[in-house]
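[1] Give me a 3D structure for the following:
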Amino acid sequence: MTSSTWADALLVAVLLAPLAAVVLAVAAAVPNDDERWTTRGCAIAATGSVVLLVAGQHPHVSRLAPDDLALAAVAATALLALGVRTLARTPAVAAMVTVTACGITAGVPAQPSTVGPVLAIAAGVALLTLTRDSGRLSIAATSIAVVVIAAGVRTGGHRGAAVVIIGAALVAIVSSYSPRRAATVLMPLALLLGLHVGPGLAGTSTARWLTVVLGIAGAGLALLPSIAPRCAAPAMCAALVPWTLAAAVGPLAGTPVAARALAAGSVIALALGGPLALLAATPGAAVLAYAIADGHGWPRPVLAVLLVATVLGLTSAQAGQTAARLRGVDTMMLAAGVWFVVRPTSWAWTRLAGLRAYTDGTALAVVVAVIAGAVLTITGGRLATEPLTPWIVASEERAAVPSGRVGVVVVAAAVLMGLVAAALVRSPRL
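    Residues are numbered from 1 along each chain as shown. Predicted coordinates for the structure are as follows:
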């Protein structure tokens with residue numbers, strides 16, 4: 001693992017930049033200026049973590065030793081914070097970025113912590129109550145999920161690992177239920193915890209049953225708008241979360257390879273929020289489909305049916321908004337999504353393999369798109385981008401939640417659940 005003095009210093013800057021933004025925002029005491037300081041701090045965190053990832057550095061500072069997956073998760077956390085709607089981009093969101101980044105990077109070289117992420121999620125939920133950007137049901141669900149995760153970590157073994165995966169899935173689903181909300185900051189941390197714990201179940205009967213449960217959850221979230229139109233439909237990327245963790249537990253040979261790619265696609269789809277953003281999940285979905293097709297045992301047909309149901313549910317959905325604006329952070333995520341779909345193997349930290357058929361098909365699709373664009377240009381055709389934008393990004397109005405007074409009971413309950421979780425996983429090391 002490569003590390004250097006400048007990388008260690010940059011890691012400290014990445015972790016402290018959002019928190020420093022909170023301090024400066026309080027010190028400036030300028031009305032309506034909190035959003036700018038939060039944006040600057042999160043931008044520094046995102047840029048620094050990407051630099052470390054691209055440079056192949058693995059800094060080690062005290063009990064913080066992120067690997068390539070952790071650095072990618074820190075970058076995703078900061079970018080999701082930058083994508084939060086303007087009114088909700090408060091200093092509490094910046095503090096959430098610092099807390100979750102510390103949980104993501106906790107551990108020693110080659111041995112990521114499992115206790116650190118649990119404590120970080122608990123603290124993140126407590127800070128989430130201060131943003132006034134999530135409903136009481138969401139906060140209650142994530143608070144309970146934190147205790148479930150902590151109980152699983154304390155129990156240990158295959159049963160404890162399965163409980164941790166279920167709790168992490170609940171946190172990630174709630175966090176991804178709607179794009180551009182403060183809760184999305186917790187999603188990369190929950191996915192990272194699942195990706196670290198999941199491989200310990202590979203090949204076991206627990207993994208097979210847990211994968212089926214997660215597959216049912218993914219199919220249910222994808223089909224929910226069709227089954228219950230009156231219910232508040234989740235963002236379509238929420239259906240990708242259970243499949244990401246299902247791949248991570250390794251029910252069939254080859255499925256763990258798809259987990260990191262599905263995690264990357266889920267984050268990109270959540271950051272953008274539009275239906276077409278789901279295309280970012282195609283590399284991971286392709287690997288998962290290959291693994292299911294080549295697998296053996298009873299989970300193979302069950303997972304195949306559930307995967308088909310998920311795809312049908314996602315492709316039958318329609319754009320949920322009529323107006324959307326493409327912002328700077330959306331442009332960066334869109335570019336990253338296109339890059340990932342066209343050249344997924346260039347994202348070395350995903351460790352994708354066996355994508356020859358996919359890459360050949362993608363290359364052909366790119367050639368067809370270039371030819372079609374040239375024909376449109378020559379013939380004077382026009383491609384209207386405004387009607388296309390809502391299919392790529394979500395509108396801030398759709399993500400808006402009425403901001404009211406923070407309930408003392410809600411804050412106290414979230415803090416209490418966090419203390420219970422900390423008591424369950426108390427340990428001299430993170």
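[2] how far does stretch 192-203 sit from the chain's center?
    Centroid separation for stretch 192-203 versus its chain: 16 Å, with C-alpha atoms, centre = their mean, to the nearest Å.
[3] separation between the residue nearest to residue 15 when sequence neighbours are not counted and residue 57?
    Excluding its sequence neighbours, the residue lying closest to residue 15 (C-beta to C-beta, 6 or more residues apart in numbering) is residue 101, at 5.3 Å. For the C-beta atoms, the positions are set from N, CA and C on the backbone; glycine is no exception. From residue 101 across to residue 57, the span is 16 Å (C-beta to C-beta, to the nearest Å).
[4] Of these two, which one has the most company?
    Using other C-beta atoms under 10 Å as the criterion, residue 101 and residue 57 rank with residue 101 on top: 31 against 21.
[5] wait, isn't the more buried one in contact with residue 76?
    No: shown here, residue 101 and residue 76 do not form a contact pair, counting by C-beta atoms under 8 Å, at 10.5 Å.
[6] Would you mind pointing out the helix or strand residue 370 falls in?
    Using DSSP states H and E, residue 370 sits in helix 356-378.
[7] Low-confidence regions, the chain specifically.
    1, 28-34, 229-233, 317-323, 364, 367-368, 373-387, 397-407, 427-430 (pLDDT under 70).
[8] residues contacting residue 353?
    With contacts defined as C-beta atoms under 8 Å, 6 or more residues apart in numbering, residue 353 is in contact with 257, 345.
[9] hmm, back to that, list the buried residues of the helix or strand following the helix holding residue 370.
    Next along the chain after helix 356-378, taking DSSP H and E as the criterion, comes helix 389-392. The neighbour-count check on helix 389-392 (16 or more other C-beta atoms under 10 Å) flags 389, 390, 392 as buried.
[10] Would you format the residues you listed as a markdown table with distance to residue 312 included?
    Below are the buried residues of helix 389-392 laid out as a markdown table (distance: C-beta to C-beta, whole Å):
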| residue | distance to residue 312 |
| --- | --- |
| 389 | 26 |
| 390 | 22 |
| 392 | 22 |
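[11] which among these gets closest to residue 168?
    The closest of those to residue 168 turns out to be residue 392 (C-beta to C-beta; 28.2 Å).
[12] what sits against the closest one?
    Neighbouring residues of residue 392 by C-beta under 8 Å, 6+ apart: 272, 274, 276, 277, 324, 326, 330, 334.
[13] taking the residues you listed one by one, which sit in helices?
    272, 330, 334 (DSSP state H).
[14] so who does the first one touch?
    This means residue 272. By C-beta under 8 Å, 6+ apart, residue 272 lies in contact with 179, 280, 330, 333, 334, 337, 392, 393, 394.
[15] and it, how far is that from residue 360?
    26 Å.
[16] Then the second one?
    Applying C-beta to C-beta, one obtains 30 Å for the distance of residue 330 from residue 360.
[17] just residue 329 next, same as before
    Counting by C-beta to C-beta, the gap from residue 329 to residue 360 is 32 Å.
[18] Counting neighbours, go ahead and name the busier of these two.
    Neighbour comparison, residue 329 and residue 360: the larger count goes to residue 329, with 21 against 10 (by other C-beta under 10 Å).
[19] Now for that one: which residues touch it?
    Residue 329 is in contact with 79, 82, 83, 271, counting by C-beta under 8 Å, 6+ apart.
[20] ok, now residue 168?
    Residue 168 is in contact with 145, 149, 190, 191, 193, 194, 197, 245, counting by C-beta under 8 Å, 6+ apart.
[21] mind running it again at 6 Å?
    By C-beta atoms under 6 Å, 6 or more residues apart in numbering, residue 168 lies in contact with 190, 193, 194.
[22] Name all residues that make contact with residue 184.
    80, 175, 270.
[23] burial measure for the last one, as a count.
    Taking other C-beta under 10 Å as the criterion, the count of residues near residue 270 is 32.
[24] swap in the second one?
    Here the neighbour count serves as a burial measure; for residue 175 (other C-beta under 10 Å) it reads 30.
[25] is it true that it touches residue 189?
    No: using C-beta atoms under 6 Å, residue 175 makes no contact with residue 189, being 8.9 Å away.
[26] packing partners for the host helix or strand of residue 98?
    Assessed by DSSP H and E, residue 98 sits inside helix 91-105. Contacts defined by 3 or more C-beta pairs under 6 Å, 6 or more residues apart in numbering; DSSP states H and E place helix 91-105 against helix 5-28, helix 34-54, helix 68-83, helix 115-131, helix 187-197.
[27] Now do it against helix 5-28: the angle between them, please.
    Angle, helix 91-105 to helix 5-28, by axes from the mean of the first three to the mean of the last three C-alpha atoms, to 10 degrees: 160 degrees.
[28] Which parts of stretch 349-360 count as buried, going by neighbours?
    349, 350, 352, 355, 358, 359.
[29] if we can go back for a sec, could the contacts of residue 329 be laid out in CSV, adding distance to residue 170 and neighbour count?
    Listed next are the contacts of residue 329 as CSV, based on distance: C-beta to C-beta, whole Å; neighbours: other C-beta atoms under 10 Å:
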residue, distance to residue 170, neighbour count
79, 23, 25
82, 25, 24
83, 22, 27
271, 21, 28
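[30] Residue 163: which of these is nearest?
    Of all the contacts of residue 329, residue 163 sits closest to residue 271, with 29.0 Å by C-beta to C-beta.
[31] re earlier: in a markdown table, list the ones in helices among the contacts of residue 392 along with distance to residue 418.
    Compiled in a markdown table, the ones in helices among the contacts of residue 392 are given as follows (distance: C-beta to C-beta, whole Å):
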| residue | distance to residue 418 |
| --- | --- |
| 272 | 31 |
| 330 | 33 |
| 334 | 36 |
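[32] Now flag whichever of those is closest to residue 417.
    Using C-beta to C-beta, the ones in helices among the contacts of residue 392 come closest to residue 417 at residue 272, 31.4 Å.
[33] which residue ranges form the helices in the stretch 201-350 of the chain?
    Listed in chain order, the helices of the stretch 201-350 of the chain (DSSP state H, counting those that start in this stretch) span 205-227, 240-248, 255-272, 282-294, 299-315, 328-342.
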